[in-house]
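Colleague: Predicted coordinates and the sequence they were generated for:
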Amino acid sequence: MGILNELSNKKYNVPSDITQKRTLKYYEIVIEKGWAKYLDALTRCGPFAMRPQFVELIDILEPNKYVSNATLNSQATLILQELEKLNFISTGFLNNYKYIYLKNSAYTLVLGTKKHPYRYSFKKEFNNEKFIDSLLKVEYLLRYDDILDYSNLQNQLYTITDNVYKLIIDSQNKYNYDISAIENILSIYKNSNTMVYKNIIDYLNTTNEYNSKLGIIRTLWEYLGKEYWKISRLRNTVTKEPFYLQLNLLPSGEVTIHYIAEIIIIDTNNSLDYYQSRNNTFFYMFFDMPNNNTRNIIKNFSKERKLGNIYDNIFGYKVKIIGYDKDALIEKTNTINKAYGVSEYSPMVVKCDYIDLMNVGRYLEKSRAYNPPIFIEYVTKIEDLIKKQM
């Protein structure tokens, strides 16, 4: 079941920590009108969206509700007006297109509590990178029914850890892994709303392999976990599922991993130097992983769709760029691919490719999208803010 289908059937409640009567009524109205699912979808992508995207979102979530495009558009206008009056969004114009900016109440409704990290800060978030990032994520959701979420990084490591755990249990733990330690790692992940990496790394620092045998699970979190945390700070992520994953149960009971991560770069008009630098980081991140045998993995994978000997742990990667300018995407993809096959030990297993979400380009084509400010009516204000930050 896709995310959008899940949202269509999701039930929402007024957050229990909303006590003021008038505010409480606002939340009740949004839930009763069935608008919470629209806000839910958008909060997963970022604080911004365009009105045409909102209209399409309504049509996808409720495909048979409106008999014509004219009715759909008029209803979308009314919904946006009401959401703005109720203080869940604010709106403005970019060129001739209306944009939507989610306010604090939208996140409170979706997350079910006022105790969340998001805080309304229009001046801080009103910038080229955050805006384009949000629009591309919304467009990707509409096209592929999937979320390019930074949490994909830690979620993927958790899923791999859980699968290794199940394989160990099913094989009766012949290798004598520390089951309780693995269960603690899984529990920390489930119970940590924030700082997942730090909490798991702190726990691992209280153990050592001699006393708590974790094998590849320790490598996953102590090394790849730290590197994934760094990736997320630079606004990169991975796909929801690994590009390739094979868990190998050896006769001794030990589990080894063959893994290709698909790293996502959301193109917010970064330079070619940025892409060269990011790929250098990815290259050495995987190349320097402890005991990672990357020899001939490109040849092995291209011929047999396998990475190599099951007795080795093998980690590699590929890159996908998400953007809206096809010519620029081709150029940036070619920049990444310069590293492909440069060595028989290269961890870049598959060439970089891209997804062109050209609709987003429509909203930006007349704006100063390649400079820091993008909303023309606020050019001076944003440039002043940027100068202060510098």
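Modeller: Alright, I've got the coordinates.
Colleague: switch to C-alpha atoms for all contacts and neighbour counts from now on
Modeller: Fine.
Colleague: Quick check on residue 87: phi, psi?
Modeller: Main-chain torsions, residue 87, degrees, to the nearest 10: phi 70, psi 30.
Colleague: Return the residues in contact with it.
Modeller: 103, 105 (Cα atoms under 8 Å, 6 or more residues apart in numbering).
Colleague: Kindly provide the distance from it to residue 116.
Modeller: To residue 116, residue 87 is 17 Å away according to Cα to Cα, to the nearest Å.
Colleague: what does residue 268 give?
Modeller: 26 Å.
Colleague: Which one's more surrounded, the two?
Modeller: Each of residue 268 and residue 116 has its neighbours counted (other Cα atoms under 10 Å); residue 268 has more, 19 against 13.
Colleague: What is the neighbour count of residue 279?
Modeller: 21.
Colleague: Wasn't it part of a helix?
Modeller: Yes: judged by DSSP: H, G, I helix; E, B strand; the rest coil, residue 279 forms part of a helix.
Colleague: I'd guessed it sits against residue 336; true?
Modeller: Yes: at 6.2 Å, residue 279 counts as touching residue 336 under the criterion of Cα atoms under 8 Å.
Colleague: Report pLDDT for residue 122.
Modeller: Here the pLDDT value assigned to residue 122 is 63.
Colleague: Please disregard the earlier target; I meant residue 377.
Modeller: For residue 377, the model assigns a pLDDT of 43.
Colleague: Now do the contacts for residue 220.
Modeller: Neighbour list for residue 220: residue 157 [criterion: Cα under 8 Å, 6+ apart].
Colleague: Would you verify that it is located in a helix?
Modeller: Yes: according to three-state DSSP, residue 220 belongs to a helix.
Colleague: Now do it against residue 256, distance only.
Modeller: Plainly put, residue 220 is 11 Å away from residue 256 if you go by Cα to Cα.
Colleague: One more: residue 249?
Modeller: In terms of Cα to Cα, residue 249 sits 7 Å off from residue 256.
Colleague: Okay, and the spatially closest residue to residue 353 that is not a sequence neighbour sits in which element?
Modeller: Distances taken as Cα to Cα, 6 or more residues apart in numbering put residue 320 closest to residue 353, at 5.1 Å, once the chain neighbours are dropped. Assigned by DSSP states H and E, residue 320 belongs to strand 314-323.
Colleague: Just give the closest residue to residue 332, not the sequence neighbours.
Modeller: Residue nearest to residue 332 in three dimensions, not counting chain neighbours: residue 272, with 6.1 Å by Cα to Cα, 6+ apart.
Colleague: How about the contacts made by the one you found?
Modeller: Contact analysis of residue 272 by Cα under 8 Å, 6+ apart lists 331, 332, 335.
Colleague: Need the contact partners of stretch 10-28.
Modeller: Applying Cα under 8 Å, 6+ apart, the external contacts of stretch 10-28 come out as 31, 36, 37, 86, 108, 109, 110, 112, 113, 114.
Colleague: Mind putting those into TSV with neighbour count?
Modeller: Output for those, formatted as TSV (neighbours: other Cα atoms under 10 Å):
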residue	neighbour count
31	17
36	22
37	23
86	18
108	22
109	23
110	20
112	17
113	15
114	17
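Colleague: thinking again about what came up before, between the contacts of residue 272, identify the one with the most neighbours.
Modeller: Using other Cα under 10 Å as the neighbour criterion, residue 332 leads the contacts of residue 272 with 23 neighbours.
Colleague: you'd agree that one is up against residue 274?
Modeller: No: counting by Cα under 8 Å, residue 332 stays clear of residue 274, with 9.4 Å between them.
Colleague: Got the confidence number for the residue nearest the centre of the chain?
Modeller: In the chain, the C-alpha nearest the mean C-alpha coordinate belongs to residue 149, at 1.8 Å (Cα atoms, centre = their mean). Per-residue pLDDT puts residue 149 at 88.
Colleague: Then residue 54?
Modeller: If you check residue 54, the pLDDT there is 96.
Colleague: Please apply the same query to residue 342.
Modeller: 90.
Colleague: still on that earlier bit, pLDDT of the strand holding residue 320, averaged?
Modeller: Here the average pLDDT along strand 314-323 is 96.
Colleague: low-confidence ranges in the protein?
Modeller: Residues of the chain that meet the criterion pLDDT under 70 lie in 1, 119-128, 366-390.
Colleague: Give me the domain ranges for this structure.
Modeller: 3-144, 152-356 (automatic domain parsing).
Colleague: wait, which of those domains is closest to residue 363?
Modeller: Proximity to residue 363 (Cα to Cα) singles out domain 3-144 among the domains of the chain, at 6.7 Å.
Colleague: Pretty sure residue 90 sits in a strand.
Modeller: Yes: under three-state DSSP, residue 90 falls within a strand.
Colleague: In contact with it, which residues?
Modeller: Contacts of residue 90 (Cα under 8 Å, 6+ apart): 84, 100, 101, 102, 103.
Colleague: right, and the fourth one touches residue 45 too?
Modeller: In other words, residue 102. No: using Cα under 8 Å, residue 102 is not in contact with residue 45; the gap is 10.6 Å.
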